[in-house]
Every structure is written in C-alpha cells, then in structure tokens.
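Chemist: Quick one, fold the following:
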Amino acid sequence: MTLSAERIRSAVEAERTVAERFLSCLASKTADTVGVTRDSYGDGENRAHEIFAEFAGELGLELRHDAALNSYATLRGTDPDAPAVVIGSHLDSVPKGGNFDGAVGVAAGLTVCAALRRAGAVVPFDVTVMGIRAEESIWFPASYIGSRAALGSLPVDALDSVRRNDTGRTLADHIAASGGDVAQLRTGRAQLDPAKVRAYVEVHIEQAPVLFDTGLPLGICTGIPGNFRYPNAQIIGRDDHVGTPRRFRRDAAIAGAALAMAMDREWAKLEALGVPVAMTFGRFHTDPDRHGMTVVPGCFHFSLDVRAYDPNILNQLKAELHRIVDEVAGAHRVTVDLGRRTSAMIGEMDPLIIADWSDRAQKIGLSAMRLESPGSHDAAAFAYAGVPTAMLLLRNENGSHNPDERMETSDLMDACQLLTHWLVDLAK
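Modeler: Predicted coordinates for the structure are as follows:
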C-alpha cells in the first residue's frame, strides 16, 4: 500500500493526544515533591508499567511481560515469521527527575502504532513498543539491566551481587517483589531473541542542549559512548587534629581533590585534541559519621564515571587513572581503593538506518542533524547484541536528569512522523 506523506502526517497529528495523555498520566501518577521518581523495580517504575499496560489495552495492542518485567505492546503484522521492529525506551527515572527522560521513547512507540492503524497501513512485521526496566543505574550499580536481561546478556551473578543503593536489597529480591520470574532469569536465556528483531529504534530527549542551541527539533544519533565506572571508591588516610602540620598529614579529602583535578586535566587535553569524552565524580564526600570542621579527614568516598566513543580512548583513560591513583597515593600517603569496576558497551548505530533517516527527513521537510549522544541508552545493549539499532534525539533546553527537562510535543510528533514513514516504506 502506498500512503501519501500528507496522509501519514495527518494520522500522526491525529494521535498527538496519545503521547500527551501518556506523558501527563506518568507525571501525575509518579510525581514526587520535586519532579518525578520512578525507582527501578520499585513502586514508581511498577506504576509506570501499569500505565503503559492501560494505554496498550486502550490502543488494542497485544501486551506481554518477560521474566525481568519488561513490557511489550505489539501491533501484529501480516507475517508471523517476519522479524519485528521494536520501538522502545525505559520507564524508570532518577530520583526527583524529569518526566521525559526515557518515557518519550515509549510515548513515541505508542503514537506510531496508533498512527499506523489510523492511516490504514498494513505491514508484514510486528511493531512492538517496549517499556524497558532499570536503565537508570543510579538505583542499581549496573548498566542496562532490563534490556540486557531481555537479550540474555545480563550476567546471572548480577541477580545476587548487585544491590539497590537505597534499600541494600539484591536485584533478585526487587525483581521477585515486583512479580518477576527470577528462576527463569537465572537460566540466562534471552527473553527476546535478537535474531527475531529486524531493528531496534529509540526516541530520547537530548542530554546536552546541542539541538536547542542550533534551533533544530531532531537529531539522528551517530553513536553512544561506552563507559567504565567505579561506583564505590574510597581513599583511606588518617584522622588528625586540624592543627596537624602538612608533612604529618594523610589527608584523604585533599588526595581526593588531587585525583579529581588530575583526571580533569586529562579530559582537558583530550578535549583540546577534539576527542569527545566525559568524566564525572558523582559522589564526592568525606565520611559523614566522622567529618567536621576541626578534623583532618581520614576517609573519603567518591564515584567515577568515564565515557568515550572509542574503545582505545577508554583503555587509555583506564591506564591513566591507575597511574594517577599511584601518584596520589604516594604523594599524600594514603590508600586508594577503587573498588569494583563496572562498564557499559559502546553503542554503534546502524549506518544504513542513519542514512535512510537523514534522506527521509529531508524529503518530508523535517529539520534534523547528525550528532552523538553523550548519555547511556538501552540502544547500546541492542547494538551490542547485533541488532540494527538507531536513535532519534529530541530538542531539550535543560538537559536531563532534572525536573526541568523541556521538550515540545511538536518535536516528538516530528520524530513519530519520521518513524511512521520509515516503517511504511520498510513494508514495501
């Protein structure tokens, strides 16, 4: 079936209320004192998936959940053997975060399915909207828990070794309490066979205001950085009296500051060479049970996230970090314990989809640019599993992981229009 650009545009615009109502419902039902809180495998995320199920039912989509409680809402195609196209993103949030991070990708999928049906499009493959669990590693110190569990790439030992930062309970405990099937997850089998996925696509707000600064509504993502992380690093020195001369001190806080500044200098060198990386000391504090104005800190805690788009750069920065650790430990007579390291894979976007979307956007009069995404996304887990993967980024003035995320519904509709055109043409 050939559908005109105007028919597709009209169908998408007619389903604008699907996205608006879905996002509004999420905001009201998961509101915190500031922003929203949708804790991974907790009340907030569970409520978000209940809302997703309600909308899937309203739209006549076929709903299922896997053992990790990822949610799938499917518009069935005419050929049951054809690999599916999955449109997905996560439904959890950071504490007191914004309503759009993650959720707009699910809203886009629901809107596209509704628009395909309204336009009378017949496609041979299933179009599945996936609401993904536990993407925000602020809750559990592990990357892409829901998507990796679905794809069979989540290490089985993570179920018992990874604990939620606020409750101290294991991932397995939280999954079971939310109604998941931990026994099945312990087998390590994929819940979603990558070979049966034709493509995975994700819509997400931009996490640095590049599109906003350039005045463009859409970005076609060219890559997702990989990272290495130390969630619970510490420096051990010695508590001392505030009057202790410097030559006697083993000041853990000063050592922490020296480490951070040395890593920042490495970042500045790479930035001057045009190499995109990012480093974040997210936790950075003395021991709250011991610190005080008249005590030289003998213990210092920090977390470190280092990300880059090139595996060679990541390896270079790992080596540089260990050199700096040795240097700081010697200079300040402290012990630096980086603790357990976690990591996330680099997400390589499919060049054919990128080229297709770039050409298609131009043909239908949508303004878009290619750009890298500085954030981590479930799309990286799909790309790593060998699934052709692509992302659309939406203009967002205030970044993400804060309650002031700013997105225009019209930009989301542009993304839905582009995806709907692409799916209709894939069916030809």
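Chemist: so where do the helices sit in the stretch 201-350 of the chain?
Modeler: For the stretch 201-350 of the chain, the helices defined by DSSP state H, counting those that start in this stretch occupy 210-214, 252-272, 311-332.
Chemist: Looking at these, which is nearest to Val127?
Modeler: Closest to Val127 of those, according to Cβ to Cβ: helix 210-214, at 26.0 Å. The way it works is simple: take the backbone N, C-alpha and C, and place the C-beta from them, glycine included.
Chemist: could you say what helices and strands the closest one packs with?
Modeler: Helix 210-214 makes packing contacts with strand 218-221, strand 368-371 when contacts are defined by 3 or more Cβ pairs under 8 Å, 6 or more residues apart in numbering; DSSP states H and E.
Chemist: and those as CSV, adding distance to Ala114, mean pLDDT and mean neighbour count?
Modeler: Output for the helices and strands packed on helix 210-214, formatted as CSV (distance: least, Cβ to Cβ, whole Å; pLDDT from 0 to 100; neighbours: other Cβ atoms under 10 Å):
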stretch, distance to Ala114, mean pLDDT, mean neighbour count
strand 218-221, 20, 98, 23
strand 368-371, 23, 96, 18
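Chemist: Rebuild those strands as CSV, extending it with distance to Glu6.
Modeler: Shown next, in CSV, are the helices and strands packed on helix 210-214 (distance: least, Cβ to Cβ, whole Å):
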stretch, distance to Glu6
strand 218-221, 19
strand 368-371, 20
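Chemist: Any idea what Phe72 is bridged to?
Modeler: One thing to correct before we go on: residue 72 is Tyr, not Phe. Bridge pairing for Tyr72 (DSSP bridges) gives the partners Arg64, Met130.
Chemist: Now do the contacts for it.
Modeler: Taking Cβ atoms under 8 Å, 6 or more residues apart in numbering as the contact definition, Tyr72 lies against Leu63, Arg64, His65, Asp66, Thr128, Val129, Met130, Gly131, Leu192.
Chemist: Which residues are in contact with the fourth one?
Modeler: Listed by Cβ under 8 Å, 6+ apart, the contact set of Asp66 reads Tyr72, Ala149, Ala150, Gln191, Leu192.
Chemist: In helices, which of those fall?
Modeler: Counting by DSSP state H, the contacts of Asp66 place Ala149, Ala150 in helices.
Chemist: farthest-separated two in the contacts of Asp66?
Modeler: Between any two of those, the greatest separation by Cβ to Cβ is 13.2 Å, found for Tyr72 and Ala149.
Chemist: related to what we said a few turns ago, any idea which of the helices of the stretch 201-350 of the chain has the lowest pLDDT on average?
Modeler: Note on these: lowest mean pLDDT is at helix 210-214, with a mean of 94.
Chemist: List the contacts of that one.
Modeler: With Cβ under 8 Å, 6+ apart, helix 210-214 has contacts from Glu206, Pro217, Leu218, Gly219, Met369, Leu371, Leu393, Leu394, Arg395, Asn396, Glu397.
Chemist: With stretch 114-122 instead?
Modeler: Residues from elsewhere that reach stretch 114-122 (Cβ under 8 Å, 6+ apart): 1, 3, 7-8, 10-12, 14-15, 18, 59-60, 75, 78, 123, 127, 416, 420, 423-424, 427.
Chemist: Now Asn232: closest residue in space, sequence neighbours ignored.
Modeler: Among residues not flanking Asn232 along the chain, Gly339 sits closest, at 4.6 Å (Cβ to Cβ, 6 or more residues apart in numbering).
Chemist: how far away is the one you found from Thr17?
Modeler: Using Cβ to Cβ, to the nearest Å, one obtains 48 Å as the distance from Gly339 to Thr17.
Chemist: go on, Val36?
Modeler: From Val36 to Thr17 the distance is 20 Å (Cβ to Cβ).
Chemist: Could you list which residues are in contact with the closest residue to Asp350 other than its chain neighbours?
Modeler: The shortest distance from Asp350 to any non-neighbouring residue, by Cβ to Cβ, 6+ apart, is to Pro388 (4.1 Å). Residues near Pro388 by Cβ under 8 Å, 6+ apart: Arg198, Ala199, Tyr200, Asp350, Leu352, Ile353.
Chemist: out of the residues you listed, what pair is the most spread apart?
Modeler: Among those, Tyr200 and Leu352 lie farthest apart (Cβ to Cβ), at 13.8 Å.
Chemist: thinking again about what came up before, Ile236 is in contact with the residue nearest to Asn232, correct?
Modeler: No. Using Cβ atoms under 8 Å, Gly339 is not in contact with Ile236, being 11.9 Å away.
Chemist: Wait, Ala260 touches Gly282, no?
Modeler: No. Taking contacts as Cβ under 8 Å, Ala260 lies outside contact range of Gly282: 11.4 Å.
Chemist: Can you pick out the residue with more neighbours from the two?
Modeler: Ala260 (17 against 11; other Cβ atoms under 10 Å).
Chemist: List the contacts of that one.
Modeler: Ala260 is in contact with Phe281, Phe284, Phe302, counting by Cβ under 8 Å, 6+ apart.
Chemist: if we can go back for a sec, please dump the helices of the stretch 201-350 of the chain into TSV; it should also carry distance to Val162 for every row.
Modeler: Shown next, in TSV, are the helices of the stretch 201-350 of the chain (distance: least, Cβ to Cβ, whole Å):
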stretch	distance to Val162
helix 210-214	33
helix 252-272	25
helix 311-332	21
